[in-house]
Structure formats: C-alpha cells, structure tokens
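**Student:** No letters, just coordinates:
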C-alpha cells in the first residue's frame, strides 16, 4: 500500500469525523437542518413538551376528509383481516390491522404529512425508518374491571436498561375522530422518559397518568422511554385510529437476511448458530399478512435477551 494512498485515506477519515462532529446534536435537540421546518410548522412548543414531558399533542396535521377516508379503510380492512389481541405483544380486546403501509394510498399519504415527518425526525433523527403502521379499533369497556388495550409500559423495552439518552423510537396515535379522556385517549406519565428505564411494579401502581387528548386532525406522539398506556373508554362507540412508530436508523440492520429463514434447503444445511444470527429467535418481523399473531414465547425471549 503506497504512502500516498494511506495519507489520502487518513485525510478522508479526518474529514468525515469533522463533518460528523459538525452536525451532531445532543439528546432532544433540534438539528440545524430541521430547525427551519420546526419553526415554519409552528412546532416549537411541541418540541419543548417532548423534551420536558416525553409526549405532546400536535394539532392541525391531517385534513378531516382524509381522516374520514382512513376510518373507512381501517373498518373495511377489519372485515377482511383482523386480529383481536390477547396476551404479550398485543392490545387485549383491541382489533388490529397490521402492516398497513403500502396497502392503502390513504395511509401512505397520511404517513408523509409535514408535521408527522418533522416530529419523527426530531424524535428519532434523520434517516428514521417506519417501524409499525397499524389501524386499531378499540370498543367501549364493558365493565370497570374489563380493560381493552395495553397497560403501562415503554416502547424502549427492547433495549437494555438504562436506555439511551438519544431517543430511538417515537410513536404516534392519529385518531380518525379525535379522542378525549372519555373516548379512550392514550395516557402517559409526564417526565417518566427522564428515568430511562421501565417502571417498577410499585411505580406502575402509583403512577399519575394524564390523557393525551387529541382534536380531530391532530396526533399524539411520545418517545420510547415514556411510560404510557391505552386509556379506558367510558364513552359509547369505538375509537378508530392509526398507530404508527418510527425508529432511529441504527436500530435496524442495513442488510436484511430474514428471507433466508424461509429457505428450507438453506436452513437444513446451515451450520449451527446461523438461525440465531438471522433473528429466528426474535419477535421482530414475526407479524405478516400470513400470520399476524406473534408467538408469545418469542416476545418473552426477545424482551429477556434485550436486557443482557
């Protein structure tokens, strides 16, 4: 290897490091590239609430007529392909239509509205990727003791604790008709994201949650470390919404080899340990149009492995 080549490589490496340092931002900071959009869209207060409280409600994000179309799409898909969740990895009693991106032009259009994209980029960085895109229908609870949804938790549960200072997952709830506390609005514990860990059972029992009430056209968004839960619906009727998350780019592999898991000839001849490298033991990617319900044992194993 020539000295000129080495010198050129070192120079390029130094330039890259300098560029990275120049654009780097701290946890919950707005990048210089994103700042003009945040200001143009009037999201400064939402950014402040995300930083300090861990969640916020963004208003006037999606046209009402498009939300009316979304409601129709979700309910039509619910007739054709549904899962009523039970147990780990699902919202108990809630109808879920999974993997909606690419299935409906209405969903695709909603996912790229400016305020959603700006808040996702603020929360999960440039290059964020779609993690989950699902339609959900939550009915009224039949009794005070009958709860439909997911109890208090945080979406960073897949990461070892303490969780990163830089947020890795951001989730939105976009209700088709708005949602009040009585209509089952998502609830959260303000400031809980600063703990950067899951709550203890005692903390969960004592948690003081507040609802993220959203007017029609708006959405609620929270970070991966924020303790939150499905709200109880006491009002008659159903809550229909789009539930979508985006992930920081490094939380996903650059190259996806999961297709090899479906190649029976390859897997039969593969050395021991290959299945583990391909993610065969993980919950991620186990939802598909052919099999929407993930294996509860796989969900449990993934959570345990994520802590080690």
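**Tutor:** Arrived safely, thanks for sending. Just so you know, these numbers come straight off a predicted model, no measurement behind them.

**Student:** Tally up the residues packed near residue 59, please.
**Tutor:** 13 (other Cβ atoms under 10 Å). Where you see a C-beta, it was placed from the backbone N, CA and C, and this is true even at glycine.

**Student:** Excluding sequence neighbours, find me the nearest residue to it.
**Tutor:** Nearest residue to residue 59, sequence neighbours excluded (Cβ to Cβ, 6 or more residues apart in numbering): residue 218, at 4.1 Å.

**Student:** likewise residue 270?
**Tutor:** Using Cβ to Cβ, 6+ apart, the closest residue to residue 270 is residue 260 (8.0 Å).

**Student:** Can you give me the neighbour number for that neighbour?
**Tutor:** Count around residue 260 with other Cβ under 10 Å applied: 15.

**Student:** pretty sure it is touching residue 280, no?
**Tutor:** No: counting by Cβ atoms under 8 Å, residue 260 stays clear of residue 280, with 9.6 Å between them.

**Student:** From the centroid of the protein, which residue is nearest?
**Tutor:** Here the mean C-alpha position of the chain is nearest to the C-alpha of residue 245 (Cα atoms, centre = their mean), at a distance of 2.5 Å.

**Student:** quick one, phi/psi of the residue nearest to residue 59?
**Tutor:** phi -110, psi -180 (degrees, to the nearest 10).

**Student:** in the stretch 151-300 of the chain, what spans have low per-residue confidence?
**Tutor:** Within the stretch 151-300 of the chain, the stretches with pLDDT under 70 are 253-256, 258, 271, 277, 284-294.

**Student:** all strands for it, in order.
**Tutor:** 169-175, 187-188, 210-211, 219-223, 228-229, 238-247 (DSSP state E, counting those that start in this stretch).

**Student:** just the stretch 1-150 of the chain next, same as before
**Tutor:** 55-58, 83-84, 95-97, 129-139.

**Student:** so how far is the longest one off the chain centroid?
**Tutor:** Translated: strand 129-139. Put simply, strand 129-139 sits 9 Å off its chain's centre (Cα atoms, centre = their mean, to the nearest Å).

**Student:** How about it, which residues are buried there?
**Tutor:** 131-139 (16 or more other Cβ atoms under 10 Å).

**Student:** domain ranges for the protein?
**Tutor:** 26-252, 254-308 (automatic domain parsing).

**Student:** do you know which of those domains lies nearest residue 18?
**Tutor:** Smallest distance to residue 18 across the domains of the chain (Cβ to Cβ): 15.5 Å, for domain 26-252.

**Student:** so who does residue 33 touch?
**Tutor:** 23, 126 (Cβ atoms under 8 Å, 6 or more residues apart in numbering).

**Student:** before we move on, what about residue 134?
**Tutor:** Taking Cβ under 8 Å, 6+ apart as the test, what residue 134 contacts is 96-100, 242-244.

**Student:** Could you check how far it is from residue 113?
**Tutor:** 18 Å (Cβ to Cβ, to the nearest Å).

**Student:** who touches stretch 48-66?
**Tutor:** Residues contacting stretch 48-66 (Cβ under 8 Å, 6+ apart): 28, 43, 45-46, 106, 109-110, 113, 115-116, 119, 122-123, 174, 188-194, 212-223, 225-226, 228.

**Student:** pLDDT score for residue 308?
**Tutor:** If you check residue 308, the pLDDT there is 54.

**Student:** Kindly report the same for residue 122.
**Tutor:** Reading off the model, residue 122 has pLDDT 96.

**Student:** With residue 22 instead?
**Tutor:** For residue 22, pLDDT reads 77.

**Student:** So what's the residue count around it?
**Tutor:** Residues near residue 22, counting by other Cβ under 10 Å: 8.

**Student:** can you pull the contacts of it?
**Tutor:** Neighbours of residue 22 in contact, by Cβ under 8 Å, 6+ apart: none.

**Student:** That one and residue 164, how far apart?
**Tutor:** With Cβ to Cβ as the criterion, residue 22 and residue 164 are 22 Å apart.

**Student:** Tell me who's in contact with residue 236.
**Tutor:** residue 140.

**Student:** and if you look at the one 4 residues further on?
**Tutor:** Shown in contact with residue 240 (Cβ under 8 Å, 6+ apart): 71, 74-75, 135-138, 175-177.

**Student:** do residue 187 as well
**Tutor:** Per Cβ under 8 Å, 6+ apart, neighbours of residue 187: 181, 209-212, 228-231.

**Student:** One more: residue 47?
**Tutor:** 30, 38, 122.

**Student:** same thing but 6 Å
**Tutor:** residue 122 (Cβ atoms under 6 Å, 6 or more residues apart in numbering).

**Student:** of the strands of the stretch 151-300 of the chain, which approaches residue 14 most closely?
**Tutor:** Per Cβ to Cβ, nearest to residue 14 of these: strand 238-247, 30.5 Å.

**Student:** Listing partners with orientation, what would you give for the closest one?
**Tutor:** Next to strand 238-247 in the sheet, as set by DSSP bridges, lie strand 129-139 (antiparallel), strand 169-175 (antiparallel).
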